[in-house]
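[1] Whatever this is, show me its structure:
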Amino acid sequence: MVERRQVLVTAQERRASLGAQVVTNGGDLTPSDFAEADDELEQATSELARVVERIQAEGVLIKDLDRGLLDFPALRDGEEILLCWQLGEDAVAFWHGLDEGFAGRKPLDDVD
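    Below you'll find the predicted structure:
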């Protein structure tokens, strides 16, 4: 997901750069330059959307695409909580209440 997001950001930057180049003097741009950039942007958007849909279909909540921050609904003593994981962590090791968010993360071993 994070990799697909970065591909999309790169495609957006490329398209914006082409637009800026046109504003200044156009350079040696051709219509195919824009078509390729638009195709790249569309493909990157579609690929990211597919990955996001697959993740969400599993019941996972995507909190931050760039950081790879995910929440997983769970129950603690009959109360709904969110298990919390972000890219770079070896395992799901934190949780927080529904209204706490990332700042309220607690170690999973605090769950009774």
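[2] quick one: pLDDT of the residue most central in space within the chain?
    Closest residue to the average C-alpha location of the chain: residue 65 at 1.7 Å, with CA atoms, centre = their mean. At residue 65 the predicted local confidence, pLDDT, stands at 90.
[3] got the phi/psi numbers for it?
    phi -60, psi -40 (degrees, to the nearest 10).
[4] Look up the closest residue to it, ignoring the ones flanking it.
    residue 5 (4.4 Å; CB to CB, 6 or more residues apart in numbering). Backbone N, C-alpha and C define where each C-beta goes, glycine included.
[5] Quick check: the one you found touching residue 62?
    No: the criterion here is CB atoms under 8 Å, and residue 5 misses it with residue 62 at 10.1 Å.
[6] Those two: who's more crowded?
    residue 5 (19 against 14; other CB atoms under 10 Å).
[7] contacting residues around that one?
    By CB atoms under 8 Å, 6 or more residues apart in numbering, residue 5 lies in contact with 48, 65, 66.
[8] That one is in what secondary structure piece?
    Using DSSP states H and E, residue 5 sits in helix 2-24.
[9] For that helix, C-alpha coordinates in PDB please.
    Below are the C-alpha coordinates for helix 2-24, written out as PDB (Å, rounded to 0.1, in the frame of the first residue of the first chain):
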ATOM      1  CA  VAL A   2       2.800   2.400   0.900                       C
ATOM      2  CA  GLU A   3       4.700   1.500  -2.200                       C
ATOM      3  CA  ARG A   4       1.600   2.100  -4.400                       C
ATOM      4  CA  ARG A   5       1.000   5.400  -2.700                       C
ATOM      5  CA  GLN A   6       4.600   6.500  -3.500                       C
ATOM      6  CA  VAL A   7       4.200   5.500  -7.100                       C
ATOM      7  CA  LEU A   8       1.000   7.700  -7.200                       C
ATOM      8  CA  VAL A   9       2.800  10.600  -5.600                       C
ATOM      9  CA  THR A  10       5.700  10.300  -8.100                       C
ATOM     10  CA  ALA A  11       3.200  10.200 -11.000                       C
ATOM     11  CA  GLN A  12       1.400  13.300  -9.700                       C
ATOM     12  CA  GLU A  13       4.700  15.100  -9.400                       C
ATOM     13  CA  ARG A  14       5.700  14.200 -12.900                       C
ATOM     14  CA  ARG A  15       2.300  15.400 -14.300                       C
ATOM     15  CA  ALA A  16       2.600  18.700 -12.300                       C
ATOM     16  CA  SER A  17       6.200  19.100 -13.600                       C
ATOM     17  CA  LEU A  18       4.900  18.800 -17.200                       C
ATOM     18  CA  GLY A  19       2.200  21.400 -16.500                       C
ATOM     19  CA  ALA A  20       4.800  23.800 -15.000                       C
ATOM     20  CA  GLN A  21       7.100  23.300 -18.000                       C
ATOM     21  CA  VAL A  22       4.200  24.300 -20.400                       C
ATOM     22  CA  VAL A  23       3.600  27.500 -18.400                       C
ATOM     23  CA  THR A  24       7.300  28.600 -18.600                       C
END
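[10] Kind regards, and thank you for your time.
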